[in-house]
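Student: When you get a sec, could you give me coordinates for this:
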Amino acid sequence: MPTKPKTKIPKPKPQTPKMPKFKPAPEWIKELFAKVLGDFPMAEQRQMFGYPCAFVKGQMFVGVFGEALMMRLSETDRAKFLKLEGAKQFEPMPGRPMREYERSPECLRDAPARRQPQCPAARRR
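Tutor: Presented below is the predicted three-dimensional model:
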């Protein structure tokens, strides 16, 4: 009796969301980032998501993301920071949060006196 050729049925691949295209960072946030890094001579600058970020001992602790700064904070500092109006957990893609990282409030641009509030907390990590 002849055997039937086996047909391979392709298995459906899980849908992975595509990484969105990010807008270039405005100059004011790049300047703010450079100012913040002035306090961290040990920081190494690299790109993440196409934006400038700073690393110490291989760990990212602050970076630019669009018109905001993302910061790695301790659990205690994170709880305090999230109480600020407009502060939120950092999500490079909707529904994909990065643990321990928070996003600065959008009002950062209009509040020059408050432009460096949480970065010293990130230094303690």
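Student: all helices of this protein, in order?
Tutor: 27-37, 75-81, 119-123 (DSSP state H).
Student: For the protein, give me the ranges with low pLDDT.
Tutor: 1-5, 15-20, 107-125 (pLDDT under 70).
Student: ok, back up a step: give me whichever of the helices of the chain is most buried.
Tutor: When the helices of the chain are scored by mean count of other CB atoms under 10 Å, the highest mean neighbour count falls to helix 119-123 (a mean of 18). (Each C-beta comes from the backbone N, C-alpha and C, glycine too.)
Student: now the strands for the chain?
Tutor: Using DSSP state E, the strands of the chain run over 44-48, 51-56, 59-65, 68-72, 88-89, 101-103.
Student: Just the CA coordinates for the longest one, please, in CSV.
Tutor: The C-alpha coordinates for strand 59-65 follow below in CSV (Å, rounded to 0.1, in the frame of the first residue of the first chain):
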residue,chain,number,x,y,z
GLN,A,59,23.9,49.3,34.5
MET,A,60,21.8,52.0,32.9
PHE,A,61,20.7,54.6,35.4
VAL,A,62,19.4,57.5,33.4
GLY,A,63,18.5,58.2,29.7
VAL,A,64,16.6,60.3,27.3
PHE,A,65,13.4,58.9,25.8
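Student: relative to strand 51-56, how tilted is that strand?
Tutor: 160 degrees (axes from the mean of the first three to the mean of the last three CA atoms, to 10 degrees).
Student: Just checking: what are the partner strands of strand 59-65?
Tutor: strand 51-56 (antiparallel), strand 68-72 (antiparallel) (DSSP bridges).
Student: Which of the helices of the chain sits closest to residue 64?
Tutor: Nearest to residue 64, of all these, is helix 27-37, at 5.0 Å by CB to CB.
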